[in-house]
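Enquirer: Could you look at this predicted model? Sequence included:
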Amino acid sequence: MQSRSIGDVRVSAIGLGGMPMSIEGRPDEDRSIRTIHAALDAGITLIDTADAYHIGADEVGHNESLIARALASYGGDTSGVLVATKGGHLRPGDGSWTVNGSPDYLKRACEESLKRLGVDAIGLYQFHRPDPKTPYADSVGAIRDLLDAGKIRMAGISNANPQQIREARDILGGRLVSVQNQFSPEFRSSEPELELCTELGIAFLPWSPLGGIRSAGSLGGAFAQVAAKYGVSPQRVCLAWHLAKSPVSIPIPGASRPETITDSAAADTVRLTAEDLAALG
């Protein structure tokens, strides 16, 4: 599999988004573990998670714990796997999502993520979503403090606009390594953020790169036509499109079945032509 850079770490060009394995409609644990193992078998070395990927208020960090168990039970070498998690987004247990970007909360959340993942330092820790009640500089300042303290090895942000990307980069002293925003054929409003990350050499991690759970299975139009041309799935073409958009793009499709992540992992073998890319837009 091709590799791309997050900071000074090389990871697979396609990552695994763990969210579908822990929220509403999640599969049983055995299938989730097999999905993660299938990703590793396929050469995926980036796994994205968050402490907010759960359902009930009493199971915060469900996805982090699941990933830790999957890595521990994998028969192969996992030393090159980068687990990226996030803090600052919460699920009270009633199906809603809230935010808390206060420095004290983010530092406590990081400590809890460290315990669940069973590591001394988190490979990549990302501020999950801006909190209107907390100055952005204060939230990112907490991430900087965690980086300086060695609690995290690399720092990233999520759901950020260009101004916030530049501000975070300054607060972190040039050590911002990634930005994770929603981006897909149906949701292209993060194009300015992708362009800025390309300019600055910061990894861009598109979440819901296939359009989300409801849209991923029904990619049609030009994506279906190009897929038929190469004899592959439209989802694989979509991820290849992401890779072709920028050398810093590392899509992280969510998966809950071994078959889907195995198909996604093969996206870097699809070589789209200029004609293909013009048709895909």
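Expert: That came through fine.

Enquirer: what's the spacing between stretch 56-68 and its chain's center?
Expert: From the chain centre to the centre of stretch 56-68 is a distance of 16 Å (C-alpha atoms, centre = their mean, to the nearest Å).

Enquirer: list the buried ones in it?
Expert: Val60, Gly61, His62, Asn63, Glu64, Ser65, Leu66, Ile67, Ala68 (16 or more other C-beta atoms under 10 Å). Backbone N, C-alpha and C define where each C-beta goes, glycine included.

Enquirer: now swap in stretch 260-270 and tell me
Expert: Those would be Thr260, Ile261, Thr262, Asp263, Ser264, Ala265, Ala266, Ala267, Asp268, Val270, for stretch 260-270 by 16+ other C-beta under 10 Å.

Enquirer: quick one: the fourth one and Val237 touch, right?
Expert: No. Contact between Asp263 and Val237 fails when scored by C-beta atoms under 8 Å: they sit 10.9 Å apart.

Enquirer: Determine the longest helix present in the chain.
Expert: Criterion DSSP state H: the longest helix present in the chain is helix 103-117.

Enquirer: quick one, helices of the chain?
Expert: 29-41, 62-73, 103-117, 136-148, 162-171, 191-200, 213-216, 221-230, 234-245, 258-265, 274-280.

Enquirer: Give me the mean pLDDT for the longest one.
Expert: Within the predicted structure, the mean pLDDT of helix 103-117 is 98.

Enquirer: Quick one: work out the angle between it and helix 136-148.
Expert: Computed with axes from the mean of the first three to the mean of the last three C-alpha atoms, to 10 degrees, the direction of helix 103-117 lies at 40 degrees from that of helix 136-148.

Enquirer: Quick check: which helices or strands does helix 103-117 pack against?
Expert: helix 62-73, strand 82-87, strand 124-127, helix 136-148 (3 or more C-beta pairs under 8 Å, 6 or more residues apart in numbering; DSSP states H and E).

Enquirer: contact partners of it?
Expert: For helix 103-117, contacts defined as C-beta atoms under 8 Å, 6 or more residues apart in numbering pick out 51, 60-61, 64-65, 67-68, 83, 85, 87-88, 100, 120-122, 125, 127, 134, 138-139, 141-143, 145-146, 151-152.

Enquirer: Of the residues you listed, which count as buried by neighbour count?
Expert: 51, 60-61, 64-65, 67-68, 83, 85, 87-88, 100, 122, 125, 127, 134, 139, 141-143, 146, 151-152.
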